[in-house]
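Novice: sequence-free structure coming up:
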């Protein structure tokens, strides 16, 4: 087992990072003030994947609290809908409370850039997670390259269908940079296989119920469908449920994204062939560490690549054990050596 402190891990990541920045100083609740270190997390929308990530952030906050001897808290503010205006409003309201920093999963970089710039002018550090932003934004980003995650999922599906047949591609939130990058990548990737025909698989806006409804309609209209893939964490659950209800298990191959318990259970059931997942544990913990270091005025990595795992029937039991024990440090943190002394 790796035995590294949270500080050693951050230093290691900083040394390995391709680029660094000198961060702005934090707000009044930052470490310099000696009070509570409060970190605001703003996702795209209410969603179980973000609940998982925030759980890891809270675990890391507990570890940091113990090491600093001061309270570190997570203030989780999720938009009700995947709406840019609502997300912008939440970010502005959060900044007005002078937190130590704000972590954001972007719905639309262009639609939020002005709000983010105003927040930074107020001296509140910002971190992007999950979704990517332009390199010239100058804002630290935590996550995995969207195209890489899409490639691993697409390769898994192509192999499962023996590189031929009709495949449906489901879109997530059209303005979300990571969703769109994956969606566009799929269309390009499958072109290399002349035996594969592509069709539109619906737009779910990162909502499980919508994904299931869209998939059910697509399956009914395409009895020769052999594959389904999409661009966000909601679709594998919705599509998997639709495949089960249609009695198409084993006939329609589905490869998902991320590793929510419901997704992993669908792999265990044999409805999904696999899922390409960026560990929420690393993203959740590094949000805390990056904002803490920025609030101190320290240099931090501009990009932290959290890596990508492929979960299939061969390793789904291990993934399920970790996902189901998300609140336990042994399962949530020891795998990555975070917080172990």
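Specialist: Arrived safely, thanks for sending. All of these numbers come straight from a predicted model, not from anything done at the bench.
Novice: list the buried ones in stretch 262-274?
Specialist: By 16 or more other C-beta atoms under 10 Å, the buried positions in stretch 262-274 come out as 262, 263, 264, 265, 266, 267, 271, 272, 273, 274. Every C-beta, even on glycine, is put in place using the N, C-alpha and C of the backbone.
Novice: closest to residue 107 among these?
Specialist: Using C-beta to C-beta, residue 263 comes nearest to residue 107 of the buried residues of stretch 262-274, at 22.0 Å.
Novice: helix, strand or coil for that closest one?
Specialist: helix (DSSP: H, G, I helix; E, B strand; the rest coil).
Novice: next, count neighbours for residue 110.
Specialist: As a burial measure, residue 110 scores 12 neighbours (other C-beta atoms under 10 Å).
Novice: still on that earlier bit, want to throw the buried residues of stretch 262-274 into TSV with distance to residue 223 and pLDDT?
Specialist: Shown next, in TSV, are the buried residues of stretch 262-274 (distance: C-beta to C-beta, whole Å; pLDDT from 0 to 100):
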residue	distance to residue 223	pLDDT
262	26	93
263	25	96
264	29	95
265	27	96
266	22	98
267	25	98
271	18	98
272	20	98
273	20	98
274	24	98
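Novice: now these in CSV, with distance to residue 214?
Specialist: Output for the buried residues of stretch 262-274, formatted as CSV (distance: C-beta to C-beta, whole Å):
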residue, distance to residue 214
262, 17
263, 17
264, 22
265, 21
266, 17
267, 21
271, 17
272, 17
273, 20
274, 21
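Novice: can you give me the helices for the stretch 201-341 of the chain?
Specialist: Taking DSSP state H, counting those that start in this stretch as the test, the helices found in the stretch 201-341 of the chain are 208-221, 235-245, 261-269, 280-295, 316-324, 329-332.
Novice: what segments of this structure are strands?
Specialist: Counting by DSSP state E, one finds strands in the chain at the ranges 20-22, 37-42, 72-76, 101-104, 126-129, 141-143, 165-171, 196-203, 225-230, 253-257, 272-277, 299-301, 303-305, 309-311.
Novice: center of the chain, which residue is that?
Specialist: Of all residues in the chain, the one closest to the mean position by C-alpha atoms, centre = their mean is residue 130, 4.1 Å from it.
Novice: grab the nearest non-local neighbour of it.
Specialist: With C-beta to C-beta, 6 or more residues apart in numbering as the criterion, residue 130 has its nearest non-adjacent residue at 4.4 Å, and that residue is residue 105.
Novice: sorry, back to before: right, and the residue nearest to the centre of the chain touches residue 103 too?
Specialist: No - in this structure residue 130 lies outside contact range of residue 103 using C-beta atoms under 8 Å: 9.5 Å.
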